[in-house]
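Chemist: The sequence and its predicted three-dimensional model are supplied below.
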Amino acid sequence: MFSPQTYLSRRERLRKTIGSGMILLMGNEESPMNYSDNTYPFRQDSSFLYYFGLELPGLTSIMDVDEGKDILFGDDLSIDDIVWMGKQPTIKEHATGAGVTFIEGSGKLGDYLRRAMGNGRAVHYLPPYRPENKIKLFNLLDIHPDELAENASTELIIAVVGQREIKSEEEIAEIELAVNISADMHIEAIRMAKPGMLESEVAARIEEIALAANVRPAFPTIATINGQTLHNHYHGNIIKKGDLFLVDAGAESPMHYAGDLSSTFPVDTNFTELQKEIYRITLNAHMAAVSRLFPGNPFRDVHMTACREIFEGLKSLGLTKGDTADAVEQGAHALFFPCGTGHMMGLDVHDMEDLGETWVGYGGLPKSKLFGMKSLRLAKPLKPGFVLTIEPGIYFIPDLIELWKSENRFGEFLNYKEIEKYRTFGGIRNEEDFLITEQGHRLLGKPVPKTIEEVESLRD
Ligand code: GLY
Ligand code: MN
């Protein structure tokens, strides 16, 4: 945990921004996999971590804005729990680390809220995403689970986003820790993947590096010869010489800040000439996007820069044609790049995605519905302190090519005869994590080899 002062000042600032009423912040519960005692690994809610730093399941908090005090609701372990789990710090001891002096048993939460609501005081809560918390909120606030999201407090969402999106020095240090472990995961994957292995052997080695550092992956590992499938979590293929292998993996720091990197390498000592041509284009798009990272620049511009670079690069291979700016504005590039160039990163790999893209990524402005652009998670102007990923890619998705070709979609911009030749090419993505600084940007963590020469030198 950070020092109690960190959590005290974060909460004080939140209370000040909200002004009046109460903030109800839900910690997470254990979540059963197949029966109650066999749970998924516990992961605390990220906003709860941000304001309290406590990893215990079953905690809830009220920040009473009117009274200027924070109360933690939770229960100490029973002797039966201690028999199975060992002796643990008490709730009071945990609370001290978070700078909280008022603690109550969880049974008191309902009374507290009912009294306050009876006095006409507002209760601000964030949109819940776990069924356990939806049920709790239903019981506490009498709002049907289906209506909880729409009744969540926009004021609170805006206030939390405003705080969490600007990373402090101590948060950046944690993120760099996560990125450095993530970099080791990638370097090892590039070194060890060999023809004849199962993809799962590479995935296991990647995750072993996180687990041996006593941390966990920040999200399900992608380690695949089918990189054209954007979130491909299948690891059952045998790797063949000449395949392109795509890894998208990252670790969480001990305090649960994420790292998120992607790399693509040949299952051979060298890329083929065809692979090199496409790889160079994605790398150019990557570098062009990075060059647009500076305060005040909307991330939409960073994304459009990458899209234009991809479209223009593919033109040199005869796959695309026509005016690049027009083609990208209309969405023709999305045949090869149907997703976004990056996203915010912090306590969540897609930071604060549970709070909705409207405020996290778009500053309250509407989002495009166009195929491709609709998957851009971040578009708003950048500020110093933002941490985000850069991850443009080129993907040849056979079903998408088939569909668009059958409709001759964007026929004035796409040369389907040439595109057909790449139908089974796969996908390429490189991903790095950046901090926006007053001057521009800074790469976080140690660099992972990404030029053709650097990657090939690890494949000897
Ligand atoms: N690393 C997974 C993603 O960014 O979606
Ligand atoms: Mn990512």
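Modeler: On my side now, so go ahead. Ligands and ions are numbered 1, 2, ... in the order given.

Chemist: Spell out which parts of the chain neighbour ligand 1.
Modeler: 219, 248, 260, 349 (CB under 6 Å from any ligand atom). C-betas here are computed from N, CA, C, even on glycine.

Chemist: List phi and psi for the residue nearest to the third one when sequence neighbours are not counted.
Modeler: The one in question is Asp260. Nearest residue to Asp260 in three dimensions, chain neighbours excluded: Gly250, at 4.2 Å (CB to CB, 6 or more residues apart in numbering). Phi and psi for Gly250, reported as degrees, to the nearest 10, are phi -160, psi 160.

Chemist: how about whichever residue of the stretch 1-150 of the chain sits closest to ligand 2, what does it touch?
Modeler: At 16.0 Å from ligand 2, Ser46 is the closest residue in the stretch 1-150 of the chain, using CB to the ion. Counting by CB atoms under 8 Å, 6 or more residues apart in numbering, Ser46 touches 164, 256, 346-348, 351-352, 354.

Chemist: Wait, Phe138 touches Asp146, no?
Modeler: No: contact status for Phe138 versus Asp146: not in contact, 9.7 Å apart, counting by CB atoms under 8 Å.

Chemist: Show me which of those two is the more surrounded one.
Modeler: Phe138 (16 against 9; other CB atoms under 10 Å).

Chemist: Please tell me how far the closest residue to that one other than its chain neighbours sits from Ser46.
Modeler: For Phe138, ignoring the flanking residues on the chain, the nearest one in space by CB to CB, 6+ apart is Pro145 at 5.4 Å. Distance of Pro145 to Ser46, given as CB to CB, to the nearest Å: 21 Å.

Chemist: Ala258 now?
Modeler: When Ala258 is compared with Ser46 (using CB to CB), they lie 10 Å apart.

Chemist: quick one, what contacts Ile281?
Modeler: 309-310, 313-314, 317, 394.

Chemist: Okay, buried residues for the strand or helix carrying it please.
Modeler: Per DSSP states H and E, Ile281 falls inside helix 273-291. For helix 273-291, a neighbour-count test (16 or more other CB atoms under 10 Å) marks 275, 278-286, 288-290 as buried.

Chemist: Looking at these, which one is closest to Asn119?
Modeler: Ala289 (51.8 Å; CB to CB).

Chemist: check which helix or strand covers the closest residue to ligand 1 within the stretch 51-200 of the chain.
Modeler: Residue nearest to ligand 1 within the stretch 51-200 of the chain: Ser182 (10.0 Å; CB to the nearest ligand atom). Secondary structure assignment for Ser182, by DSSP H and E: helix 169-192.

Chemist: For the helix or strand just after that helix, name the packing helices and strands.
Modeler: Following helix 169-192 in sequence order, the next helix or strand is helix 199-212 (DSSP H and E). Helix 199-212 sits against helix 169-192, strand 222-224, strand 244-249, with contacts defined as 3 or more CB pairs under 8 Å, 6 or more residues apart in numbering; DSSP states H and E.

Chemist: Count the neighbours of the closest residue to ligand 1 within the stretch 101-250 of the chain for me.
Modeler: Nearest to ligand 1, among the residues of the stretch 101-250 of the chain, is Asp248, at 4.7 Å (CB to the nearest ligand atom). Counted by other CB under 10 Å, the residues lying close to Asp248 total 26.

Chemist: In this structure it contacts Ile428, no?
Modeler: No: with contacts counted by CB under 8 Å, Asp248 stays clear of Ile428, the gap being 11.6 Å.

Chemist: can you pull the pLDDT of the residue with the largest distance to the centre of the chain?
Modeler: Largest separation from the mean C-alpha position in the chain: Asn119, at 39.6 Å (CA atoms, centre = their mean). If you check Asn119, the pLDDT there is 93.

Chemist: so how far is Ala152 from it?
Modeler: Applying CB to CB to Asn119 and Ala152 gives a distance of 21 Å.

Chemist: do the same with Ile166
Modeler: 22 Å.

Chemist: who's more crowded, the two?
Modeler: Ala152 (19 against 15).

Chemist: dump the residue contacts of the more buried one.
Modeler: Counted by CB under 8 Å, 6+ apart, Ala152 has contacts 125-128.

Chemist: ranking those by neighbours, who comes first?
Modeler: The contacts of Ala152, ranked by neighbours (other CB under 10 Å): first place Leu126, 24 neighbours.

Chemist: so Pro295, which of the three states?
Modeler: Taking DSSP: H, G, I helix; E, B strand; the rest coil as the rule, one finds Pro295 in the coil state.

Chemist: Hmm, it is touching Gly385, no?
Modeler: No: at 9.3 Å, Pro295 does not count as touching Gly385 under the criterion of CB under 8 Å.

Chemist: joint contacts of the two?
Modeler: Counting by CB under 8 Å, 6+ apart, the residues touching both Pro295 and Gly385 are Ile436.

Chemist: Quick check: the gap between His286 and ligand 1.
Modeler: 14 Å (CB to the nearest ligand atom, to the nearest Å).

Chemist: list the contacts for that residue?
Modeler: 306, 390-392, 430, 432, 450.

Chemist: what's the closest non-adjacent residue to Pro32?
Modeler: In space, Pro32 is closest to Thr39, 5.5 Å off (CB to CB, 6+ apart).

Chemist: how many neighbours does the one you found have?
Modeler: 14.

Chemist: go on, Thr324?
Modeler: Neighbours around Thr324, by other CB under 10 Å: 21.

Chemist: With Thr90 as the reference, measure out to it.
Modeler: 63 Å.

Chemist: what do you get for Leu59?
Modeler: Distance, Leu59 to Thr90, using CB to CB: 13 Å.
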